[in-house]
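**Student:** Give me coordinates for this.
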Amino acid sequence: MASYAVSVVIPTYNRAHCILRAVDSVLNQSFPALEILVIDDGSVDSTEELFLDAPACVQYVRKSNGGVSSARNLGVSLARGTWIAFLDSDDVWKPTKLEEQVNCLRATNTVACFTGTVLENGKRHDGIQNLDPALGAGQYGSYRSPVEFIFKSEQHPMIQSLLVRKDVFVHAGGFDESLCVAEDTALFYDLVANQAVSLINAPLVELTRERSVAGLSDSVDATRAASRYDCYIQVQARALTHVAGRRSPSVHSVRAMRVIRNRLAYFISRRAEIAHAMGDHGLGRCLAREALRLSDDRRTSIRSFLLAYCYFLLQPGLQNKWPDSALVRNAF
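**Tutor:** Have a look, this model is predicted:
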């Protein structure tokens, strides 16, 4: 197994209370990693002190704050291994995670492998069962037409479960540092667009879902929500490009196109809503018309029609949804 030299990249930011738990879960793997790269993205807590006497295989690197994507990309650039795995500082791996993935990669001759993930409450959080309903618990499978992954599940396998050949990751472009959210989804699309991948239907990663950033449904900050929806739109547009650019369209790619267009329409319609809320009605109408063109989903189509041609009827709802925006109070 010497050819499977694995570098593990762990980005962290103000996670001194849990980072050692993540590192220990890698140190305790039945298949040892070549190295663990802890990339500190500008923490202001005591994280650095924890690694003053770290084991030789643990490399602590401190950088100025630039976001999780920049931290992961830096880790990959420093990695000596031919294979890369990612783990977040508040998540942990089951002890056989790397061993099972290496065995799977050897058996399937694929260049990227995802496993199942589970939340602290025991609920699965990876979409694998929807991606391949025939894949039994504990089994692995390989997929030569990964475009199917784009439409079969609302969830995609998590980056914390990924083991990928370094050159494949680099060729896919790494993590897009311009995205404030959905950078993992973008990488997933970029990876599966042209590569055969494998899945292990076993929850080998435990995720901690402690929210540090409010979700879109929680936020009343229109500017922040607009930025996040812009990222979602960009990622879905990228997925659409991947599928549309296939040389030999199949029934799967046609179905994938439909699903992606509806997802894209949904995000664009939501972005149109925010544009109206911020007083930019020209942009709101333009976006809503584009969403209407793309969508064949009834709810999204109705919302888009109203935002395109009757947005003034939505004034009370917008004022309730974005109460902290001075713009919305003066928009009509």
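
**Student:** could you list every residue that touches residue 146?
**Tutor:** For residue 146, the contacting residues are 192-193, 195-197, by Cβ atoms under 8 Å, 6 or more residues apart in numbering. The way it works is simple: take the backbone N, C-alpha and C, and place the C-beta from them, glycine included.

**Student:** Can you turn the buried part of those into a PyMOL selection?
**Tutor:** Filtering the contacts of residue 146 down to the buried ones (16 or more other Cβ atoms under 10 Å) takes a single PyMOL command:
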select buried, resi 192+193+195+197
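
**Student:** Nearest to residue 25 among the contacts of residue 146?
**Tutor:** Nearest to residue 25 among these is residue 197, at 23.4 Å by Cβ to Cβ.

**Student:** residues near the closest residue to the closest one other than its chain neighbours, how many?
**Tutor:** Nearest non-adjacent residue to residue 197, counting by Cβ to Cβ, 6 or more residues apart in numbering: residue 112, 4.6 Å away. With neighbours defined by other Cβ atoms under 10 Å, the count for residue 112 comes to 25.

**Student:** who's residue 112 bridged to?
**Tutor:** With DSSP bridges applied, residue 112 shows beta-bridge pairing to residue 164.

**Student:** Quick one: which of the contacts of residue 146 has the lowest pLDDT value?
**Tutor:** Among the contacts of residue 146, residue 193 carries the weakest pLDDT, at 82.

**Student:** Could you find the closest non-adjacent residue to it?
**Tutor:** Using Cβ to Cβ, 6+ apart, the closest residue to residue 193 is residue 242 (4.0 Å).

**Student:** do residue 307 as well
**Tutor:** Closest to residue 307 by Cβ to Cβ, 6+ apart is residue 288, at 3.6 Å.

**Student:** what number of residues lie near that neighbour?
**Tutor:** 27.

**Student:** May I see the buried residues of the helix or strand hosting residue 257?
**Tutor:** Secondary structure assignment for residue 257, by DSSP states H and E: helix 251-277. Residues 252-253, 255-257, 259-277 are the ones in helix 251-277 that count as buried (16+ other Cβ under 10 Å).

**Student:** other SSEs contacting the helix or strand that that helix is followed by?
**Tutor:** Next along the chain after helix 251-277, taking DSSP H and E as the criterion, comes helix 281-294. The contact analysis (3 or more Cβ pairs under 8 Å, 6 or more residues apart in numbering; DSSP states H and E) places helix 281-294 against helix 251-277, helix 298-309.

**Student:** got the contact list for helix 281-294?
**Tutor:** Here helix 281-294 has contacts from 261-262, 264-266, 268-269, 271-273, 275-276, 300-301, 303-309, 311, 331, using Cβ under 8 Å, 6+ apart.

**Student:** now the strands: where do they sit in the stretch 1-150 of the chain?
**Tutor:** Taking DSSP state E, counting those that start in this stretch as the test, the strands found in the stretch 1-150 of the chain are 6-12, 35-41, 58-63, 83-86, 92-93, 112-119, 140-143.

**Student:** For those strands, give me a markdown table that also has mean pLDDT and distance to residue 316.
**Tutor:** Converted to a markdown table, these look like this (pLDDT from 0 to 100; distance: least, Cβ to Cβ, whole Å):
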| stretch | mean pLDDT | distance to residue 316 |
| --- | --- | --- |
| strand 6-12 | 98 | 42 |
| strand 35-41 | 98 | 42 |
| strand 58-63 | 98 | 47 |
| strand 83-86 | 98 | 45 |
| strand 92-93 | 98 | 46 |
| strand 112-119 | 96 | 37 |
| strand 140-143 | 93 | 48 |
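
**Student:** Go through those strands and name the closest to residue 164.
**Tutor:** Going by Cβ to Cβ, the one of those nearest residue 164 is strand 112-119, 4.2 Å.

**Student:** Which strands or helices does the closest one pack on?
**Tutor:** If you count contacts as 3+ Cβ pairs under 8 Å, 6+ apart, strand 112-119 packs onto helix 97-108, strand 163-165, strand 197-207.
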